[in-house]
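>>> The amino acid sequence is not available; the structure is as follows:
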């Protein structure tokens, strides 16, 4: 397959907000997993502090991250990786997307959160308990378009607590980084 950088989500305001929260949260010696690494920008920066494994479903993103020196597994969410991880980061596809709005390419995986904006987040919440270490933390980036209270509730039903640790208004939405833990 031919690498196409236009099919990779580039670092943007959400990337920088999640990186800021991650740099404040990460501790030397943490085993870190970044789900959906995209360009690999965050994983590359965190690797300066501790060991990081990244995943992405998009083959173009996996190639991009690998070119940046990121230890990456091409898979869906955390299929193919073994925990436990002390810190898990995820900037999921969180935009509510109707079927007629779909763009049907690899970049779609970075953007399309399904009708509610929470479809991928729901699958993540159901399974993250299998790879998180006791006392582990999750940093999840979402948008006001995704429904902050709904995401809090989603993780609460899985036995997690969540708090907003960063937020930033960007255009017509508010971006939030949630710190989630048992």
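Yep, it's here. Here the structure is a predicted model, which is why all the values come from computation and not from measurement.

>>> middle-most residue in this structure, spatially?
With distances taken as C-alpha atoms, centre = their mean, the residue of the chain nearest its centroid is residue 90 (1.6 Å).

>>> Show the contacting residues for that residue.
34-36, 124, 138-141 (C-beta atoms under 8 Å, 6 or more residues apart in numbering). For glycine as for every other residue, the C-beta is placed from the backbone atoms N, C-alpha and C.

>>> per-residue confidence for the residue lying closest to residue 44 once chain neighbours are set aside?
Using C-beta to C-beta, 6 or more residues apart in numbering and skipping residues adjacent in sequence, the residue nearest residue 44 is residue 68, 4.9 Å away. At residue 68, the predicted lDDT confidence score is 93.

>>> Please give me every residue in contact with residue 68.
So residue 68 contacts 39-41, 43-44 (C-beta under 8 Å, 6+ apart).

>>> Contact partners for the nearest residue to the residue nearest to the centre of the chain once chain neighbours are set aside?
Computed as C-beta to C-beta, 6+ apart, the closest residue to residue 90 that is not its neighbour in sequence is residue 35, at 4.4 Å. Contact analysis of residue 35 by C-beta under 8 Å, 6+ apart lists 54-55, 77-78, 88-90, 92, 124.

>>> What separation is there between residue 35 and residue 3?
21 Å (C-beta to C-beta, to the nearest Å).
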